[in-house]
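S.K.: model the structure of this input:
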Amino acid sequence: MGKRLIQPRKTALSPSALTQPHNREQQFKLAIETTLDHNFDFKHLKTQDSRQFNLFITKTVGRELSVTAVKPLFLRTGGPRGAKNIELINGVPCSVMHFSDGTRDFRIHGYYNMQGYLVVVRIDAHHQYKY
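M.R.: Down below sits the predicted model:
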């Protein structure tokens, strides 16, 4: 066999990998690595929706919570598939989870990357995204 010219892409971290004992102090951080899903991006947010997004950032990143601390407070576990759904993001299967700021409607959907950041893929300000 010949030499490999490219390395296979690594998949995103599973949420359980970040909650292992050695990662309990991993600080919760957000990232945007690609454009957000159409109709669930910043240009579709109203003023109140932007405030809800800011409130989520304040309650999580602003308080310097760990990934383990954010999970029981903000991870939404209800729904037909539970807390996570496997989705293809740029051709890579990722465990997409949805988080809430504590209100009934507002959701942020994302997956954890290799650096431990929650990569935001959509801002679902009115809980309209259907899995």
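
S.K.: could you check how far Phe74 is from Phe28?
M.R.: Look at Phe74 and Phe28: by CB to CB, to the nearest Å, they are 9 Å apart. C-beta: built from backbone N, CA, C; applies to glycine.

S.K.: what do those two both touch?
M.R.: Counting by CB atoms under 8 Å, 6 or more residues apart in numbering, the shared contacts of Phe74 and Phe28 are Thr60.

S.K.: and the next helix or strand past the helix ranked longest in the chain?
M.R.: Counting residues, the longest helix in the chain under DSSP state H turns out to be helix 47-60. For helix 47-60, the following helix or strand on the C-terminal side (DSSP states H and E) is helix 67-74.

S.K.: pLDDT averaged over that following helix, what's the number?
M.R.: On average, the pLDDT along helix 67-74 is 92.

S.K.: please apply the same query to stretch 44-59.
M.R.: Mean predicted lDDT for stretch 44-59 stands at 91.

S.K.: the spatially most central residue of the chain sits in which helix or strand?
M.R.: Central residue of the chain (CA atoms, centre = their mean): Gly110, 2.2 Å from the mean position. If you go by DSSP H and E, Gly110 is part of strand 107-112.
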